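S.K.: Got a sequence here, can you model it:
(chains A and B)
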2 protein chains.
Amino acid sequence: MCGDLRESHIDDEVVLFGWVAKHRDLGGMIFVDLRDRSGISQVRFHPHMGDEKFAEADSLRSEWCIGVKGKVVSRGDNANTEIPTGMVEVMATDIHIFSKSDTPPFLIREDTDANEMLRLEYRYLDLRREPLQEAMITRSRVNQIVRNYLCENGFLEFETPYLTRSTPEGARDYLVPSRVNPGKFYALPQSPQLFKQLLMVSGFDRYFQIVRCFRDEDLRADRQPEFTQIDMEMSFVTPDDVINICEGMVRAIFDDVLDVQLPSEFKRLSYEEAIERFGVDDPDLRFDLELVDISDEVADSDFRVFSGTVESGGAVKGICVPGGSDALSRKDIDALEDHAKVYGAKGLAWAKVKEDDWSGPISRFFDEEDRETIQAKFGAESGDLLLIVAADRKVANNSLGHLRDKLGDDLGLKVAGEFEFVWITEFPLFEYDEEEDQLHPMHHPFTSPRPQDFELLEGNPEAAYAQAYDLVLNGSEVGGGSIRIHRQEIQEKIFDILGFSEEEARDKFGFLMDAFQYGPPPHGGIAFGMDRLVSILTGRSNIRDVIAFPKTQKAADIMAGAPSTVGEDQLEELHLEVELDEEDD
Amino acid sequence: MCGDLRESHIDDEVVLFGWVAKHRDLGGMIFVDLRDRSGISQVRFHPHMGDEKFAEADSLRSEWCIGVKGKVVSRGDNANTEIPTGMVEVMATDIHIFSKSDTPPFLIREDTDANEMLRLEYRYLDLRREPLQEAMITRSRVNQIVRNYLCENGFLEFETPYLTRSTPEGARDYLVPSRVNPGKFYALPQSPQLFKQLLMVSGFDRYFQIVRCFRDEDLRADRQPEFTQIDMEMSFVTPDDVINICEGMVRAIFDDVLDVQLPSEFKRLSYEEAIERFGVDDPDLRFDLELVDISDEVADSDFRVFSGTVESGGAVKGICVPGGSDALSRKDIDALEDHAKVYGAKGLAWAKVKEDDWSGPISRFFDEEDRETIQAKFGAESGDLLLIVAADRKVANNSLGHLRDKLGDDLGLKVAGEFEFVWITEFPLFEYDEEEDQLHPMHHPFTSPRPQDFELLEGNPEAAYAQAYDLVLNGSEVGGGSIRIHRQEIQEKIFDILGFSEEEARDKFGFLMDAFQYGPPPHGGIAFGMDRLVSILTGRSNIRDVIAFPKTQKAADIMAGAPSTVGEDQLEELHLEVELDEEDD
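M.R.: Numbers count the residues shown, from 1 in each chain, chains lettered A, B, ... in the order given. Here you go, the predicted structure:
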């Protein structure tokens, strides 16, 4: 292929197929950069190949699809050391033009300034660009590594239905009207959760699937209406069994794709520790900037914002930015404060640490002893910047967690090519929804409490912890799973706590409850977000860049023109009528 | 695992997890057949394991899920040579009951007489049965063999969208209403045809995907609303390139799964030859019974049914069943005639060949010379049975083709474990629909004519042949593909011939036409029916047996209860109203 030619091929006769990436006329000869998915080779056309052939070569334009035959020759002094094939070129003896090309709406090159909408409309051309070619090739490779690894470890690959039952798991379902069952609908699965649990009941022991999932949610930058999961489930396992399999899989991927050797054991943090130290449950561990709790140190402070917060049960926490006094301007700090406010902080107190003093608005409230105590707690030195939030503990952690994330960006601490994994464990089983005065599952309703917490379900379910584990990579959750409930009475208790009536539970999950009557094994599993994982592997910030035909934020495929209107006859067959509001029309 | 224990494990301490397949009390001890996906091991519980533990063992019932610890011991004289683990058993020292089981609605054993509806309702229990376990395990293995083979041959795995655009390819689409685009619908893909062709335009050269496809058709025994294809596409190829890749893939599957070595080159038949010799384009070549054309021999016959047919341009063809005079009774022949009539034959003439005569209703019309001429053409000998249809050529071929198929069943000629592959090539590009007075594509509208037939498109499209190829295994089409059109003007011509207006073509396939403006490569591909392939590999007659969670003939999942009614609020969000006829309600 075009990218394969080396000096060892000199004097070989070769046939290459590809696209004209560049063409130029030089000294009476035609030079063409011929491109295929493997790379680029230079092809030289000389008039002595024959008038007719040479005229064809002379007619070539960008993106024409051609075949050439010729001999590999050395480029000698004209070698191009920037590309792997640059030591040689093909001296063409024959040419065939498969098809011509209009001028593309944007240049097919690594860095294009064409806007994304245009590139999505002509996705088939955008996919010719090297970064997208590389992303697709990497994605294909990840698929194979995952499958080979899991099969070697005794997993069986399954296919679960895409036309299935609506079982609200939090997000909205995509529905599919049934023609032969008038008035009834299938739902596209948000995940194969119930089916993979049923396969454990069937005794298949180790299941996996690389599977499309569907959620009709309002889209954010990193969401797609259809997305891909590496989905796994195992019987007779502890959380450590699942974690070990996952670590092995991730190590195999990083070793193969990036030649990066990950540690033999990944870090672990309890949910509580993650929140206290990093403010969030998906911390980026490529940098420190840990949250420090100075509530005790400021409990008696003259600065009432701090002492008052502690008095009323809140927390005063902060981040020490080493060298931040110089690195961050007043304007930068204002921007950080704005960011903290988005997450509920009322304000951001700050102080620049100097040799014998602090500067900044709060410094006058703290005498030397106070300052030394606080600096000691932070481990702060002269030149550092302290950023402090006083609020209820949840808000303090959350706002500082996001502040820390922004600092990571602003200070360039998220180093490309560094990969920090951490398992978050010991999640609470439920989280409380104040608005609805209702407990919700922190993961999903099939997550098992720790065995020692079973009895808490009766009177104090909020205190129960889940046997759940999330895998976080560089601040993104890439995988999440749990040991599942396999005892019918526990599952029913959970549904009860979640506010499902017996009928609702029966209606939605009845077949799982039925299955649990017939000797279900203990089981657990996990699902990885394939799109996110590949985007991190390939250094893309947007998952659209690692999906062959992605959808826009409005859930549209603007190349294919989907969704689209359909014929009245189609709707009639489905027993449907569209009812548009005036504003929709 | 349970199926792994051998004499070499004697004295090993083992832990097994599984399900109680059988339990019996014998000589004061409990014997349990413990089953997991790998097989069965016998476990023996002796009272000296402790009262409490022994009582637990004594309480075991079928399908309880348990773990046991114990020592592998020889079964000595009590060895069971019928199962691979039968030389040993586990002398239990500990037991743990993970979960109990109600009495299953049917026995979990290889051959069950439970009806399929009950088994589908409790699919998770049916999947515990050995034939289904084996089918799922084989299917998983086929997946890996296919992927490894294709990746080794330079193919990239892609994922194409499931939420896409309605592009009628013959069958009805499943539609998915869009919430954020009121009044608009996605369609679930009938195949990723357009996307894989676009990936060729993007330069990915070799694409594959094991992909779900969706067709809202009225179901037959071997159809499912969602089914799985092994989907491939290649650039810069001839039909032979595609065929070679496919043969290699199929050889790898049969070698690995069945230890069957397929020939290094598969047979090939032109469409016309297949029809003339076997009556159908998907012949089962495990047996002969070829169609013989005796039109010339009977053109002047006294039997007017034959000579009249020939006179009016029809054909008289037949099958010689060796030894059929004794093997088939008058009743059998009547049943064969009924079968032929289903496919349009007006009747079935027959004659039993005797040493010097024929018996049967038509024999009196044929003198010795006639009989000898006809017998010579058939290669018939005494004791054979001749079955003859006189009709227009199409009906004669078709009815005899199906008659041949029934004979294959009736006479036990379809030998299990024999695998006869044949490529059918040189299909006509179009077939004529008399009712609509319209040409339809024999495959799909993207199939390329042979280059030498391009010019026929203008005045005589019916005479054009396609660059198409179907792979037939034991009388089932398991794969079908073609070289595609990559020239815009040819594709437009085809749409024109198929009766699409320019607007329709633009609306449905505009993005493919657009893509063809930018240097499309010549390309072609194929798709294999995974479900059918695995069903033949595992010797199942119904594809439902090789799908983990299949749907019924009414397109329902009776286990999950899909499709189902949904809430008014859900429909409102989708801007839909259900309109039931009275009879639907």
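S.K.: Pull up the residues of the stretch 201-350 of chain A that are close to chain B.
M.R.: A:201-205, A:212, A:214, A:216, A:218, A:225-226, A:228, A:235-236 (Cβ under 8 Å from any Cβ of the partner chain). C-beta coordinates here come from the backbone N, C-alpha and C atoms, glycine included.
S.K.: Repeat the analysis, applying 10 Å as the threshold.
M.R.: Within the stretch 201-350 of chain A, the positions adjacent to chain B are A:201-212, A:214, A:216-219, A:224-228, A:235-236 by Cβ under 10 Å from any Cβ of the partner chain.
S.K.: Just the buried ones from those?
M.R.: Neighbour counting over these (16 or more other Cβ atoms under 10 Å in any protein chain shown) leaves A:201-212, A:214, A:216-217, A:219, A:224-228, A:235-236 as the buried ones.
S.K.: who's in contact with the residue lying closest to A:Asp4 once chain neighbours are set aside?
M.R.: Closest residue to A:Asp4 apart from its sequence neighbours, by Cβ to Cβ, 6 or more residues apart in numbering or on different chains: A:Ser38 at 6.0 Å. Going by Cβ atoms under 10 Å, 6 or more residues apart in numbering or on different chains, A:Ser38 touches A:1-5, A:18, A:84-85, A:133, A:137, B:154, B:203, B:205.
S.K.: got it, and A:Phe427?
M.R.: If a contact means Cβ under 10 Å, 6+ apart, then A:Phe427 has A:270-272, A:274, A:281, A:441-443, A:447, A:465-470, A:480, A:482 as its contacts.
S.K.: from the residues you listed, which would you call buried?
M.R.: Buried, going by 16+ other Cβ under 10 Å: A:271, A:274, A:281, A:441-443, A:447, A:465-470, A:480, A:482, out of those.
S.K.: List just the nearest of the contacts of A:Ser38 to B:Thr112.
M.R.: B:Gly154 (45.3 Å; Cβ to Cβ).
S.K.: can you pull the pLDDT of the closest residue in space to the closest one that isn't next to it in sequence?
M.R.: For B:Gly154, ignoring the flanking residues on the chain, the nearest one in space by Cβ to Cβ, 6+ apart is B:Arg206 at 5.1 Å. Note on B:Arg206: pLDDT of 98.
S.K.: Could you pull out the strands in the stretch 251-400 of chain A for me?
M.R.: Assigned by DSSP state E, counting those that start in this stretch, the stretch 251-400 of chain A shows strands spanning A:267-270, A:291-293, A:315-321, A:349-353, A:358-359, A:385-391.
S.K.: Would you mind getting the angle between the last one and strand A:349-353?
M.R.: Our comparison of strand A:385-391 with strand A:349-353, counting by axes from the mean of the first three to the mean of the last three Cα atoms, to 10 degrees, yields an angle of 160 degrees.
S.K.: Parallel or antiparallel, which strands does strand A:385-391 pair with?
M.R.: strand A:315-321 (antiparallel), strand A:349-353 (antiparallel) (DSSP bridges).
S.K.: Any chance of a markdown table for the ones you listed, columns mean pLDDT and mean neighbour count?
M.R.: Supplementary listing: the strands paired with strand A:385-391 in a markdown table, determined by pLDDT from 0 to 100; neighbours: other Cβ atoms under 10 Å in any protein chain shown:
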| stretch | mean pLDDT | mean neighbour count |
| --- | --- | --- |
| strand A:315-321 | 98 | 25 |
| strand A:349-353 | 96 | 24 |
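S.K.: and A:Ala92, which of these is closest to it?
M.R.: That would be strand A:315-321 among these, by Cβ to Cβ, at 60.3 Å.
S.K.: now the closest one: how far from the chain's centre is it?
M.R.: Here strand A:315-321 is found 29 Å from its chain centre; the criterion is Cα atoms, centre = their mean, to the nearest Å.
S.K.: Kindly report the same for stretch A:354-372.
M.R.: Using Cα atoms, centre = their mean, the offset of stretch A:354-372 from its chain centre is 42 Å.
S.K.: first to last residue in it, what's the distance?
M.R.: Between the opening and closing residues of stretch A:354-372 lies a distance of 11 Å (Cα to Cα, to the nearest Å).
S.K.: Now stretch A:454-461: buried residues?
M.R.: Result for stretch A:454-461 [16+ other Cβ under 10 Å]: buried residues A:454, A:456-457, A:461.
S.K.: can you check stretch A:536-545 too?
M.R.: Quick answer for stretch A:536-545 (16+ other Cβ under 10 Å): A:536-538, A:540, A:543-545.
S.K.: same deal with stretch A:111-130?
M.R.: Neighbour counts over stretch A:111-130 (16+ other Cβ under 10 Å) mark A:119-130 as buried.
S.K.: Same question for stretch A:482-497.
M.R.: By neighbour count on 16+ other Cβ under 10 Å, the buried set for stretch A:482-497 is A:482-486, A:488, A:490-495, A:497.
S.K.: Give me the subset of those lying in strands.
M.R.: Counting by DSSP state E, the buried residues of stretch A:482-497 place A:482-483 in strands.
S.K.: which of the buried residues of stretch A:482-497 come close to chain B?
M.R.: Filtering the buried residues of stretch A:482-497 for neighbours of chain B using Cβ under 10 Å from any Cβ leaves A:486, A:488.
S.K.: quick check, nearest of the buried residues of stretch A:482-497 to chain B?
M.R.: Checking these against chain B with Cβ to the nearest Cβ, the nearest one is A:His486 at 6.4 Å.
S.K.: residues in contact with the closest one?
M.R.: With Cβ under 10 Å, 6+ apart, A:His486 has these contacts: A:197, A:200-201, A:235, A:446, A:448, A:515-516, A:519-524, B:65, B:98-99.
S.K.: Kindly recompute the last result at 7 Å.
M.R.: A:516, A:520-523, B:99 (Cβ atoms under 7 Å, 6 or more residues apart in numbering or on different chains).
S.K.: neighbours around A:Asp356, how many?
M.R.: Counted with other Cβ atoms under 10 Å in any protein chain shown, the neighbours of A:Asp356 add up to 8.
S.K.: any idea which helix or strand comes after the longest helix seen in chain A?
M.R.: In chain A, assigned by DSSP state H, the helix with the most residues is helix A:130-152. Counting by DSSP states H and E, the next helix or strand C-terminal to helix A:130-152 is strand A:156-157.
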